[in-house]
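[1] Below are the sequence and a predicted model for it; my questions follow.
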Amino acid sequence: MHKNAIVSFKGTQNIQAEIQLTGSKSECNRALIIKSLSKKLVKVENLSNAADTVTLNAILSDLDTYENDSTIEKTVDVGPAGTAMRFLSAYLSAKNGNFLLTGTERMKQRPIGILADALKEIGADISYAEKEGFPPLAINGPLAQTSSHIKIKGDISSQYISALLMLAPTLKQGLTLEIVGELTSKPYVEMTLAMLAECGISHEWNGNLITIKHQEFKPSTLIVEPDWSAASYWYSIVALAKQAQITLPHLRDKSLQGDSQIKTIMEIFGLSTTKTDNGIAFTKDQAIKDTDKVLDLKTCPDLAQTIVVVAAALGINMAFTGLETLKIKETDRVAALQNELAKIGVKLNEDNLVYTLDCAELHFPKKVSIATYEDHRMAMAFAPLALLIEELEIEDYNVVEKSYPYFWEDLKKVGFEISIA
């Protein structure tokens, strides 16, 4: 049975704190796949304790014990870990053995046909065990490469593209990806290529063509940066507090993570970020500005819920684009936002892929209960509303374990009171 958290703020109205964040889930999961593909030539430091990363690490460690067994028949269950599903689809297609790659019921509703079809075009033996275009996948490896040039849509999950790019140097013919249309979530593709480069894998990116030739990984160490997605919730707290300054150690001023854009985006709400000796600090010391512009979030969709909730709570009728991929995440995040924002009187209206907040009836009831839809980001995006609502209930509070297991403990450090119902 799921437990709920009752969140209220009992601290001073001037929050001052230093918070040590967990490692980036995005970097960790790429690093683990690269490590396994390199046959352990690559080492990884500062692994995240996020559930998705723990799950992927356990799966890869288990698979390593069957490395030379071509007769292996194994069910690989990723649970709710979407990144693991995408990355393992490519990884397992090149391994010896027969695999059934599956996950939760929600995972079976998340499309994977574009990636599976691309892998089949390369030469992978993949079929759908249940519904066409969706997990579970029956994968018989290793693939016998039949093509080194494939087309893939750019406006789908960047994880499809990253999965193929990480596999590319291990393919005898290498691989050229032709990106069709606009590439959304581009920073995540750039992250993948930068991490591969750290391990000796070169690439060429000309126009819409990305080419990685067959090549060997070099002995190297990938040191994972703390998670900028997790940092976004602390920016949200500062935006909604009367006074606050948060310091986050070890975050890089120049980061591989696309979600580091939160630094610039939060300037809209009056926040400024400064570099410290070993990380960053931010505070609200400016006026709110530029709220009449349409904010495009296509390169950082994981920040969308945080930013939309902050704007709504501040009563700003902002407009957003680039939210299309939110509908195929852990839940339909657009619908989830619409449902939960309605509880404080705010509408999120959709018109031809432009989403606009209507805060005309914004109000803060004494108590609000927020549904999380098995989505970690719903819980963390709405939790800062406890600064404005006397009693905020977050349903299924443990859902945060997917990416930020110590979220509630960290909130307590700055004055939030958390009780479990």
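    Happy to help now that I have it. Keep in mind that this is a model prediction, so the values were computed, not measured. Residues are numbered from 1 along each chain as shown.

[2] show me the residues around the residue nearest to the spatial centre of the chain that make contact.
    Centroid-nearest residue in the chain: D302, 5.6 Å away (criterion: Cα atoms, centre = their mean). Taking Cβ atoms under 8 Å, 6 or more residues apart in numbering, we find D302 in contact with S229, S232, D259, R377. (Each C-beta comes from the backbone N, C-alpha and C, glycine too.)

[3] Would you mind putting these into a markdown table with distance to V76, neighbour count and secondary structure alongside?
    As requested, the contacts of D302 are exported to a markdown table (distance: Cβ to Cβ, whole Å; neighbours: other Cβ atoms under 10 Å; DSSP: H, G, I helix; E, B strand; the rest coil):
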| residue | distance to V76 | neighbour count | secondary structure |
| --- | --- | --- | --- |
| S229 | 25 | 26 | helix |
| S232 | 31 | 27 | helix |
| D259 | 28 | 24 | helix |
| R377 | 25 | 29 | helix |
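
[4] Take those residues and write them to JSON lines, including distance to A94.
    As requested, the contacts of D302 are exported to JSON lines (distance: Cβ to Cβ, whole Å):
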{"residue": "S229", "distance to A94": "29"}
{"residue": "S232", "distance to A94": "35"}
{"residue": "D259", "distance to A94": "29"}
{"residue": "R377", "distance to A94": "31"}
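
[5] With distance to Q338 and pLDDT added, can I get those in a markdown table?
    Formatted as a markdown table, the contacts of D302 follow (distance: Cβ to Cβ, whole Å; pLDDT from 0 to 100):
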| residue | distance to Q338 | pLDDT |
| --- | --- | --- |
| S229 | 22 | 95 |
| S232 | 20 | 98 |
| D259 | 23 | 94 |
| R377 | 15 | 95 |
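
[6] between these, which is nearest I152?
    D259 (23.0 Å; Cβ to Cβ).

[7] Tell me who's in contact with that closest one.
    Counted by Cβ under 8 Å, 6+ apart, D259 has contacts S26, D227, W228, S229, A231, S232, C300, D302, L303.

[8] Am I right that the first one is in contact with V189?
    No: if you go by Cβ atoms under 8 Å, S26 and V189 don't touch, sitting 11.4 Å apart.

[9] which one of these two has more residues nearby?
    S26 (31 against 22; other Cβ atoms under 10 Å).

[10] so which helix or strand takes in that one?
    Taking DSSP states H and E as the criterion, S26 maps to helix 25-37.

[11] residues making contact with that helix?
    Looking at what lies outside helix 25-37 - Cβ under 8 Å, 6+ apart - the contacts are 42-44, 47-48, 50, 52-53, 56-57, 60, 63-64, 83-84, 87, 91, 162-163, 166-167, 169-170, 188, 191-192, 195-196, 199, 217, 222, 224-225, 227, 229, 256-257, 259, 403.

[12] Low-confidence regions, this structure specifically.
    The chain contains residues with pLDDT under 70 at 1, 68.

[13] Relative to its centre, which residue of it is most distant?
    Largest separation from the mean C-alpha position in the chain: T71, at 34.5 Å (Cα atoms, centre = their mean).

[14] and that residue, what does it touch?
    Contact partners of T71, counting by Cβ under 8 Å, 6+ apart, are G97.

[15] With V7 instead?
    Neighbours of V7 in contact, by Cβ under 8 Å, 6+ apart: A383, A386, E391, L392, E393, I394, L411, F416, E417, I418.

[16] quick one: which of those residues is most hemmed in?
    Most neighbours among the contacts of V7, by other Cβ under 10 Å: I394, with 27 neighbours.

[17] partners of the nearest residue to it once chain neighbours are set aside in the sheet?
    If the residues on either side of it in the chain are set aside, I394 comes closest to A5, at 4.6 Å by Cβ to Cβ, 6 or more residues apart in numbering. Note on A5: beta-bridge partners I394, I420, judged by DSSP bridges.

[18] re the thing from before, max pairwise distance over the contacts of D302: which two?
    D259 and R377 (11.2 Å).

[19] Can you pull the residues that touch both of the two?
    S229, D302.

[20] Look at F320 and tell me its secondary structure.
    Classification of F320 using DSSP: H, G, I helix; E, B strand; the rest coil returns strand.

[21] Give the bridge partners for it, please.
    Beta-bridge partners, per DSSP bridges, of F320: L295, Y355.

[22] Tell me who's in contact with it.
    For F320, the contacting residues are V294, L295, D296, L297, A304, I307, V308, V354, Y355, T356, by Cβ under 8 Å, 6+ apart.

[23] next one: A144
    By Cβ under 8 Å, 6+ apart, the residues touching A144 are G123.

[24] picking up where we left off before, which member of the contacts of V7 is positioned nearest L100?
    Distances from L100 to those, taken as Cβ to Cβ, are shortest for I394 (34.5 Å).

[25] send the alpha carbons of the following helix or strand past the helix holding S26 over as PDB?
    Proceeding C-terminally, helix 25-37 gives way to strand 42-45 as the next helix or strand, assigned by DSSP H and E. Extracted in PDB, the C-alpha atoms of strand 42-45 (Å, rounded to 0.1, in the frame of the first residue of the first chain):
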ATOM      1  CA  VAL A  42      36.000   2.400 -18.400                       C
ATOM      2  CA  LYS A  43      35.600   3.000 -14.700                       C
ATOM      3  CA  VAL A  44      32.700   5.000 -13.200                       C
ATOM      4  CA  GLU A  45      32.800   7.200 -10.000                       C
END
